[in-house]
Structure formats: C-alpha cells, structure tokens
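Asks: whatever this is, show me its structure:
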Amino acid sequence: MKKIISLGLLFLLTISVSAQEVYQKEVFISSRGDSLKYRLLRPEKEEAGKKYPLVLFLHGGGERGSDNEKQLVHGGQMFLNPVNREKYPAFVLMPQCPIDAYWAYTSRPVSFVPSDMPAGQEISPIFSSLKELLDVYLNMPQIDKDRIYIIGLSMGGMGTYDMIIRFPELFAAAIPICGTVNPSRLADVKGVKFRIFHGDADNVVPVEGSRAAYRALKAAGVDVEYIEFPGCDHGSWNPAFNYPGFMDWLFSQKKKR
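Replies: Alright, predicted model coming up:
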C-alpha cells in the first residue's frame, strides 16, 4: 500500500513539475500600477503567419495566492496532454487571483443562491487588470479574434459569467463549471455559446446556480447546453474535463460577426 501511495505521489509531482516547466511565468502591470501574475502556454509549434485560438482559464478560490503556481493545479495539465497540444494548438492564459480578491466581485458574495448574487456593480479591480491583459493578447497578430474562449471553475465559474456579461462581443464560447450568477444579468449575451457543468450534490456552490443560469440563457435565446453530474460534489471540474468531446466542442466554436 505504501508503495502504491508513493508511486501516486511521484506521478502527481511529475505532472506538477511538467506544468511548471512548460507554462511561462509572467507578471502584468496594469495602467493603475496593479500587478497580475499569470501563466502562459504558447502553441508548441508556432508557425509564422498563422492565427491561433486563445483560452482564458479562471481558477477557483482555493488556488488564489501570490506564488503564480497554484492556478495550474486544476486544468493546467489538460492543455499539456500531448494529443490535445497537437490537435488544439492555442495560447492559454491562466492568471492567479490574489488571496484577498475574488475575481468578479470586490468581496466573496454572502450567499451563492442565484437570486442573492450581486445584480450589478462596477468591474472589480482584478478584472479590470485582467481585461487590460486580455487586450494585450487580442492585439497580437497571431491571435484569432473569432476564437476566444473562457473556462472557469467555482469562483472562476462566477468570473466566467461576469466576464461574458461585460464583454460578450469578445468571446465565442464559455464553459462555467460549478459557478453561479444572478440570472437577471444574462439577458444580453447572445452570440456566445455556453456549456455549463455542475454536480447535483455540490455543498459549496448550490447546483441551482447553474440550473437558473441555464434557464435564463435559454429564455434569452442563447445557444446553451447544461450537463449535470448525479451524485457529484463541488469537484465537478474533474468529470467536466473528462467529458467526451470537451476539447472538440470548445475549439470548434467560432464567433459569428
């Protein structure tokens, strides 16, 4: 048993080291002087004159900090899978939210019940910096502006909704995982395709958050699919990342202008 556990730990350490080595460690300074730490994965074989998709990945609350490492824990390895890296070459941005911030909101919402979530506020300071960072990459000639995607889990799922609500013209597709949002904010996000994931046994962010978002998006005429995992707790990102066609669906989406 000890040998099996040791081998498992060694495997996890190998994955972690691999991600740390391949993702570039970067720091962005905003126009206000705020710093935003992030990791960047570039296409493995970047060709001159070719345009590539960009994926913005927003981690959950447990990966906040200042080490510029923890945000790779969930999802980072998915983009390093040799098959995925060859089949879906892309720029992947994985910013890290500071420990005292909360992506879309100025503080952690008191309740994650959809109707209790903030119905409107100014963009948070961290998201203001993130938008500036995103604009830097959108201005790069090798970025395909019709294939900009956003994925977020838990706190990042909430951030995914907020970013889409504020800038629907930028994104072709969004994947919020175990997130929530006040559904009244989802009336004007047409043109973005959604795939929502949640576990029905989530004891951190109530599953009603995703169910209410799905209903609101359908009512607004948005192209949305909702996948719910029976018996799954808050860690629904694990089955989501392994859901058949996860990458195929994401990278097949293109913005209609």
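Asks: just give me the neighbour total for residue 24.
Replies: By the measure other C-beta atoms under 10 Å, the count of residues near residue 24 is 9. Every residue, glycine included, has its C-beta placed from N, CA and C.
Asks: quick check: beta-bridge partners of it?
Replies: Listed by DSSP bridges, the beta-bridge partners for residue 24 are residue 40.
Asks: i'd like the first residue to be 40 from this point on
Replies: Got it, first residue is 40 now, which makes that one residue 63.
Asks: packing partners for the helix or strand hosting residue 235?
Replies: Assigned by DSSP states H and E, residue 235 belongs to strand 232-238. If contacts are counted by 3 or more C-beta pairs under 8 Å, 6 or more residues apart in numbering; DSSP states H and E, strand 232-238 sits against strand 212-216, helix 247-258, strand 263-268, helix 276-280.
Asks: let me know which of the ones you listed is tucked in deepest.
Replies: strand 212-216 (a mean of 28; mean count of other C-beta atoms under 10 Å).
Asks: okay, now the closest residue to residue 172 other than its chain neighbours: neighbour count?
Replies: Excluding the flanking residues, the one nearest residue 172 by C-beta to C-beta, 6 or more residues apart in numbering is residue 67, at 4.5 Å. A count of nearby residues for residue 67, using other C-beta under 10 Å, gives 17.
Asks: and residue 67, helix, strand or coil?
Replies: strand (DSSP: H, G, I helix; E, B strand; the rest coil).
Asks: from what I see, residue 282 and residue 235 are in contact.
Replies: No. Applying C-beta atoms under 8 Å as the test, residue 282 and residue 235 come out as separate, 11.5 Å apart.
Asks: now the common contact residues for these two.
Replies: Common neighbours of residue 282 and residue 235, using C-beta atoms under 8 Å, 6 or more residues apart in numbering, are residue 266.
Asks: so for these two, which residue has more residues nearby?
Replies: The residue with more neighbours, out of residue 282 and residue 235, is residue 235; 25 against 16, by other C-beta under 10 Å.
Asks: pLDDT weak spots in the chain?
Replies: Within the chain, the ranges that satisfy pLDDT under 70 run 40-58.
Asks: select the longest strand from it.
Replies: strand 182-192 (DSSP state E).
Asks: buried set for the helix or strand following that one?
Replies: Next helix or strand after strand 182-192 toward the C-terminus (DSSP H and E): helix 194-205. Residues 194, 195, 196, 197, 198, 199, 200, 201, 202, 203, 204 are the ones in helix 194-205 that count as buried (16 or more other C-beta atoms under 10 Å).
Asks: check stretch 178-191 too.
Replies: 181, 182, 183, 184, 186, 187, 188, 189, 190, 191.
Asks: is residue 251 in contact with residue 151, as I believe?
Replies: No. Shown here, residue 251 and residue 151 do not form a contact pair, counting by C-beta under 8 Å, at 11.2 Å.
Asks: overlap in contacts of those two?
Replies: By C-beta under 8 Å, 6+ apart, the residues touching both residue 251 and residue 151 are residue 219.
Asks: could the helices and strands packed on strand 232-238 go into CSV alongside distance to residue 155?
Replies: Below are the helices and strands packed on strand 232-238 laid out as CSV (distance: least, C-beta to C-beta, whole Å):
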stretch, distance to residue 155
strand 212-216, 18
helix 247-258, 10
strand 263-268, 21
helix 276-280, 23
